[in-house]
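Peer 1: prediction below, plus the sequence it came from.
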Amino acid sequence: MTRLARIDFDAVAPLYPSDKVAGRVAGRGEHFEWTPNQDTKIHSADPLAVRRPTENELSRPDYVDLTGSRLGRLMVMGVAAEITGNGQKWVVRCVCGSYETRKARYIKACVAGNNPGSSEPMCDACGYTRKLQLGYHNAKKAAAAAQAIMEAAR
């Protein structure tokens, strides 16, 4: 008798995936717990503070007010109020309801049609979910999950 034969089916049945995507993801040890990279962007379920452009910004000839621009699944809400760093940050809202910061250079490229990166601009959480739906996976995470399952079965 194998070690897995001792596991009761009634205990395992609620753990089975409920649809095809969940089955594909669970089959390779992936899961939907996603954490944003807070070094370059801010990702939040709550609205981020925005500010109006200053008079100094509006007087510059190269300044473009991107507020209200729509790019893919993102809508530009305004300039990020309390965020400083390299380049100007703008707050965007995804159709899933989450808010993120993006650089002006990225937004201008998307508006011009030169989308850097994915085929459709979206927040990082939607991008991660889209990758899982398309079948991409992280082999190291899958191996770690498989190892954890084997340890639990012992």
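Peer 2: Looks like it came in fine. Numbers count the residues shown, from 1 in each chain.

Peer 1: every contact and neighbour count from this point should use C-alpha atoms.
Peer 2: Noted.

Peer 1: element containing Val76?
Peer 2: Secondary structure assignment for Val76, by DSSP states H and E: strand 74-80.

Peer 1: got the buried residues for the helix or strand following that strand?
Peer 2: Per DSSP H and E, strand 74-80 leads on to strand 89-94 as the next helix or strand towards the C-terminus. Residues of strand 89-94 classed as buried: Lys89, Trp90, Val91, Val92, Arg93, Cys94 (neighbour count, 16 or more other Cα atoms under 10 Å).

Peer 1: can you list the strands that strand 89-94 pairs with?
Peer 2: Counting by DSSP bridges, the strands paired with strand 89-94 are strand 74-80 (antiparallel), strand 99-103 (antiparallel).

Peer 1: would you reformat those as a markdown table and include mean pLDDT, mean neighbour count and distance to Ala125?
Peer 2: Output for the strands paired with strand 89-94, formatted as a markdown table (pLDDT from 0 to 100; neighbours: other Cα atoms under 10 Å; distance: least, Cα to Cα, whole Å):
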| stretch | mean pLDDT | mean neighbour count | distance to Ala125 |
| --- | --- | --- | --- |
| strand 74-80 | 91 | 23 | 12 |
| strand 99-103 | 90 | 22 | 10 |
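
Peer 1: redo those strands as JSON lines? Include distance to Gly68.
Peer 2: JSON lines is the format used below for the strands paired with strand 89-94 (distance: least, Cα to Cα, whole Å):
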{"stretch": "strand 74-80", "distance to Gly68": "5"}
{"stretch": "strand 99-103", "distance to Gly68": "14"}
